[in-house]
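Asker: Need coordinates for the following:
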Amino acid sequence: MRISANGRKVPRARKGIETYTGFPASVKFRSRRKVPRARKGIGNRSDGCEFVNPPNWGLTDGESADILLSMNDLPAPVGISVEDWAATPAAVRVLVATLIEQVAGLRERVNKNSRNSSKPPSSDGPGAPPQRKRAPSGRQRGGQKGHVGRGRSLKPVECVNRVEELKPTSCAACGALLLGEDANPARHQVTELPRVEPVMTEYRQHTLECLVCGAHTTAEWPIDMPKGSFGPCCQATVGYLSGRMGMSQRDVEETMVALFRTDISLGSIPAQEERVSAALVKPVEEACAYVQQQPVNNVDETGWREKSKRCWLWINTTSRVTVFMVLATRNTESARYMLGAVDQKVIGSDRWSAYNWLAAEWRQLCWAHLKRDFQAFVERGGDAGRIGCALLEQVEQLFRLWHRVRDGTLSRAGFQTAVQPVQMRVGELLREGTTLTCDKTRRTCTNLLALETALWTFVRVEGVEPTNNDAERRLRRAVLWRRRSFGTQSEGGSRFVERVLTAVITLRQQQRDVLDYLTAACAAAIRGDKPPSLLPSTALVNVAT
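Answerer: Have a look, this model is predicted:
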């Protein structure tokens, strides 16, 4: 037995039970796990949660007494009458208020989902609220009456490899011999895939002796001959299957055998990826310089693993070119390296602290993230919930106006006028939120007000989107890669990931053929020529001039 400060006997904490002895009576919380030793000023941890013991904050007796007296001003919690609360000792009120706050915080953590936080929808548990469903339109599934058909049209005769002429020889009615030609026969075209057979070339380097002087001369290897066992198209196909189609190395090995009759060992797959990566070095460097010079960038990041080391995969995207980089950190230094010079350039991002060095007038906060923050307000209830509902109404109005700008039914000047009431109302609600008693809501509103200019950059600057969705959509392919492979196992693997993703996403943005480009890049690397560029054709013209 131990004796608490008020003279009461307090039993020792058994394994799996947390005991708080700083109050008139010990308070226990049962845990399923072994409770580690408590740190000074911190209650025993259980299931990853920390409980602060208010009377052990290192305060003097006078300061503790002032805190206990201030508890008299606390309102009665829900479920406790005013009379019972007034009769409750001040120390117990401290405990109850602290526990209520802790439970509210834990409940908010448990209830986090893709609608009220930055968590992806795939992480939602069975208890998460369902995604919003569109109201039924009353139409049946499938194509609607009167819609334009998308059937396969006949190809020109020049594109046909073989023609089968089907002519009747005798009359179906009387059996007489049929002669002549049909000027307009019925046509039906069938496309078939031939069985792919690899083309194997053997190079034989001869050495001949001179009949005059007796010297031996050896022929030179051709400059377009690969040093390894696979040609540029084979290298590009391996890079395409892994970088574009998202196949594992074992699946790539099987596909090369099943579809292309090409025997390639599992160990040769990363070797071909390494050659593709080397072929993309200069194009990716050129693309990075191009992106950093554009007037609008959207940036984001996601976790990555290189062996057992935690890294971060960053993305910096524009309307025509996107760049990926695997960096060691997620801090301001990495953000500066990714963005380059930011003078007179708008950066679209979320509210991660690594971007706080950016000037607010040249930054655009993502309204999709803000919408989830406001949904979290709503789920906290009380005054926070009321303000959250009002903010969500303004968000809906904002996006209605923006969608009209995108579809051309509202001019930009008209949009700037129509959005002014929304701007004023959002500012009023955020300022009201700074006066609330809920710490999280008050802190979020305060932080948003400090960046209020960054909320409306897209209204002032044409070409800026209100959300960071472009970066997040293009980052999704990297997230899927991480989930299936758990990251990379070497620095060379990380370089392949960032380079091939840069090439794939950029080429798809420009509607260029990915496999043709990778083949040309690998062939140029074999010959030692300049590789093809990833930049759009207009950018190449500007560079040349």
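Asker: tally of neighbours for Trp221?
Answerer: 10 (other Cβ atoms under 10 Å). Quick note: C-beta positions are derived from backbone N, CA and C, even for glycine.
Asker: which other residues reach the lengthiest helix in the chain?
Answerer: When the chain is parsed with DSSP state H, its longest helix is helix 382-406. Helix 382-406 is contacted by residues 367, 370-371, 374-380, 410-412, 415, 418-419, 422, 425-426, 429-430, 432-433, 436-438, 441, 445, 466 when judged by Cβ atoms under 8 Å, 6 or more residues apart in numbering.
Asker: Show only the entries of those found in helices.
Answerer: Using DSSP H, the contacts of helix 382-406 in helices are 367, 370-371, 374-380, 412, 415, 418, 422, 425-426, 429-430, 432-433, 441, 445.
Asker: Can you point out the buried residues in the helix or strand hosting Glu101?
Answerer: Taking DSSP states H and E as the definition, one finds Glu101 inside helix 90-110. Buried residues in helix 90-110, counted by 16 or more other Cβ atoms under 10 Å: Ala91, Arg93, Val94, Leu95, Val96, Thr98.
Asker: Can I get the helix or strand where Ala258 lies in PDB, CA atoms only?
Answerer: Assigned by DSSP H and E, Ala258 belongs to helix 249-260. Only the C-alpha atoms of helix 249-260 are listed here, as PDB (Å, rounded to 0.1, in the frame of the first residue of the first chain):
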ATOM      1  CA  GLN A 249       9.200  -8.100 -61.700                       C
ATOM      2  CA  ARG A 250       7.900 -11.600 -61.600                       C
ATOM      3  CA  ASP A 251       4.900 -10.700 -63.700                       C
ATOM      4  CA  VAL A 252       7.100  -8.900 -66.200                       C
ATOM      5  CA  GLU A 253       9.200 -12.000 -66.500                       C
ATOM      6  CA  GLU A 254       6.100 -14.100 -67.200                       C
ATOM      7  CA  THR A 255       4.600 -11.600 -69.600                       C
ATOM      8  CA  MET A 256       7.800 -11.400 -71.600                       C
ATOM      9  CA  VAL A 257       7.700 -15.200 -72.100                       C
ATOM     10  CA  ALA A 258       3.900 -15.600 -72.600                       C
ATOM     11  CA  LEU A 259       3.400 -12.700 -75.000                       C
ATOM     12  CA  PHE A 260       6.700 -12.100 -76.700                       C
END
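Asker: Contacts only, for the closest residue to Cys445 other than its chain neighbours.
Answerer: Leaving out its chain neighbours, the residue that sits closest to Cys445 by Cβ to Cβ, 6 or more residues apart in numbering is Gly433, at 3.2 Å. Counting by Cβ under 8 Å, 6+ apart, Gly433 touches Phe377, Ala384, Ile387, Thr441, Arg442, Thr444, Cys445.
Asker: longest strand in the chain, by residue count?
Answerer: The residue-count maximum for a strand in the chain (DSSP state E) belongs to strand 296-306.
Asker: Give me the packing partners of that one, helices and strands only.
Answerer: strand 309-317, helix 332-339, strand 346-349, helix 469-485, helix 491-509 (3 or more Cβ pairs under 8 Å, 6 or more residues apart in numbering; DSSP states H and E).
Asker: how does it look with 7 Å?
Answerer: strand 309-317, helix 332-339, strand 346-349, helix 469-485 (3 or more Cβ pairs under 7 Å, 6 or more residues apart in numbering; DSSP states H and E).
Asker: Noted, bye for now.
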